[in-house]
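J.: need a 3D model of the sequence below.
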Amino acid sequence: MEQASPPPTAAPAAARALHTLGVMSGLAAGAWLGAAEAPTKLVAVGLSPFLISLAMVAGVFVARWTVPTVLKGTGYVFLDLRARGHLVIWAILAGALWAVANTLTVFAIRDVGLSIAFPLWNTNSLVGLFWGWLLFNELRGAGWNSRAKVLGGAVAIVAGAAVLAYATSQHTAGSPQHSASGILAALGAGLLWGTMYVPYRKAYLSGMNPLSFVTVFTVGELVTMSALAVGFRGGVAALVREVALARPALFWLFLGGFCWVLGDLFQQYAAKYIGIGRGIPLSNTNQLWGLAWGALVFGELSGRGGSVQALIVVGSLTMILGALAISLAVASPAEQVSWRRAVARECDRYRLDLAQVEAALAGQDSLAKTARARRWLDIPIMAAAAGIFVWLALSAQRPPLIFNLPWTVILIVAMLALLFVSGALLWKRTRFS
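T.: I've put the predicted structure just below:
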């Protein structure tokens, strides 16, 4: 079969509008991904990292089916999945990688703390940048200005991670062994998460809607995490007993999973509209939110010397500035041509309609015209999700953790503002395409 030629690039105004949309999605992703890790502080009160991760994944499973149902309906999602069935296995694989990485983050938080672990696993942006260049033609054809921003940002991310690793290994209150294991766990999570973005980009270069992708993605998450929990916690019976004992904390972990889904959905839209090399570093502004939750809400930096706090702040800001430099490198027309060659390759490989895929990448939702708006299945899905959260909330207890209530309220208000502003832009420009 003759390979399809890449279509012409989008008009500058349209391309810049999509870039702005991707940037706003990345910023919203950072806020909600940062907040999602706050419930994992429960590991400090004796819950197993595997149990915490499993409960969060269960909350993610509930939310990943509920949010797409609310926004688009199951009829739309199933039609999209049938049209691109070859991507189902990729979505399941991405979910499996997420589950393992998320478990590693819980170990990292236990050993080195939230405000330390965040920037270390945010090296996933380097991994994503590499895969974006190697597999999807990102940065190919880019001018020197864009390349300097991206490569300079990558160097800044590595330098910031090194500063934070030094501060952790030299000055952590725990044992050196725990410090080393926490650093390795956080870096391992970054490697897995960076690789997880390959199925993301592959899906969107084929025109799949992020809402459809995450619905299957969660199957890989739940199956993998359940297998890990059963294998490492002594079997099904032992795990069930542990879950029953942790019942008062399950609501908070499910809530963390729900926050993660909102953040990840915005991250998916960022990856779709500006690529993984730019979108993922931008969503890694979750480091700022992680630092805020760890330091302002949970007081993680209290009691540490001024030099340690200075190293942590400098390392975090260096990483964030690097990520912002990458995200501000707007794709030039020549680079957009390279992106479209990758799109044409995917369409040729899987016999997809090139024009329809290009329309989806431009934010046009042609599939919505043929999908049934709602199905009877939508109502029980939403009712079941609401019922689960209400049931868990009735038995929830306040965790025995000291936290700052005023800062908690301030952070939540800021997150909600980003949610509504970015969500409104997505709806107005793409109808959540």
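J.: CA only for contacts and neighbour counts going forward, please
T.: Fine.
J.: please identify the helix or strand for the residue most central in space within the chain.
T.: The residue lying closest to the centre of the chain (C-alpha atoms, centre = their mean) is residue 264, at 3.8 Å. Using DSSP states H and E, residue 264 sits within helix 247-274.
J.: other SSEs contacting that helix?
T.: Where contact means 3 or more C-alpha pairs under 8 Å, 6 or more residues apart in numbering; DSSP states H and E, helix 247-274 is packed against helix 12-36, helix 49-71, helix 176-205, helix 210-232, helix 276-283, helix 378-394.
J.: buried residues in it?
T.: Of the residues in helix 247-274, 248-274 count as buried by neighbour count, 16 or more other C-alpha atoms under 10 Å.
J.: in contact with the closest residue to residue 56 other than its chain neighbours, which residues?
T.: Closest residue to residue 56 apart from its sequence neighbours, by C-alpha to C-alpha, 6 or more residues apart in numbering: residue 257 at 4.5 Å. Residue 257 sits next to 36, 55, 56, 57, 58, 59, 60, 63 when contact means C-alpha atoms under 8 Å, 6 or more residues apart in numbering.
J.: just put those in a markdown table and tack on neighbour count and distance to residue 234.
T.: Below are those laid out as a markdown table (neighbours: other C-alpha atoms under 10 Å; distance: C-alpha to C-alpha, whole Å):
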| residue | neighbour count | distance to residue 234 |
| --- | --- | --- |
| 36 | 25 | 27 |
| 55 | 26 | 17 |
| 56 | 32 | 20 |
| 57 | 33 | 19 |
| 58 | 22 | 19 |
| 59 | 27 | 23 |
| 60 | 26 | 24 |
| 63 | 26 | 28 |
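J.: backbone phi and psi for the closest residue to residue 113 other than its chain neighbours, please?
T.: Nearest non-adjacent residue to residue 113, counting by C-alpha to C-alpha, 6+ apart: residue 300, 7.2 Å away. With angles defined as degrees, to the nearest 10, residue 300 sits at phi -70, psi -30.
J.: cool, the one 3 residues further on as well?
T.: Taking degrees, to the nearest 10, you get phi 90, psi -10 for the backbone angles of residue 303.
J.: now swap in the one 3 residues further on and tell me
T.: Its backbone dihedrals place residue 306 at phi -60, psi -40, with angles given as degrees, to the nearest 10.
J.: per-residue pLDDT, it?
T.: Reading off the confidence values, residue 306 has pLDDT 75.
J.: as PDB, could you dump the C-alpha coordinates of the lowest-mean-pLDDT helix or strand in the chain?
T.: Using mean pLDDT, DSSP states H and E, helix 114-121 stands out as the lowest-scoring helix or strand of the chain, at a mean of 73. What follows is helix 114-121, C-alpha atoms only, in PDB (Å, rounded to 0.1, in the frame of the first residue of the first chain):
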ATOM      1  CA  LEU A 114       6.400  14.100  49.100                       C
ATOM      2  CA  SER A 115       8.300  17.300  48.400                       C
ATOM      3  CA  ILE A 116      11.500  15.300  47.600                       C
ATOM      4  CA  ALA A 117      10.000  12.500  45.600                       C
ATOM      5  CA  PHE A 118       8.000  14.600  43.200                       C
ATOM      6  CA  PRO A 119      10.900  16.200  41.300                       C
ATOM      7  CA  LEU A 120      12.800  13.000  41.100                       C
ATOM      8  CA  TRP A 121      10.100  11.000  39.400                       C
END
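J.: other SSEs contacting the helix or strand immediately after that helix in the chain?
T.: Per DSSP H and E, the first helix or strand lying C-terminal to helix 114-121 is helix 124-136. When contacts are defined as 3+ C-alpha pairs under 8 Å, 6+ apart, helix 124-136 sits against helix 176-205, helix 276-283.
J.: quick one: the last one to helix 247-274, angle?
T.: Looking back up the chat, that one is helix 276-283. Following axes from the mean of the first three to the mean of the last three C-alpha atoms, to 10 degrees, one obtains 140 degrees for the angle between helix 276-283 and helix 247-274.
J.: and the strand or helix carrying residue 96, average pLDDT?
T.: According to DSSP H and E, residue 96 maps onto helix 88-112. What helix 88-112 shows for mean pLDDT is 87.
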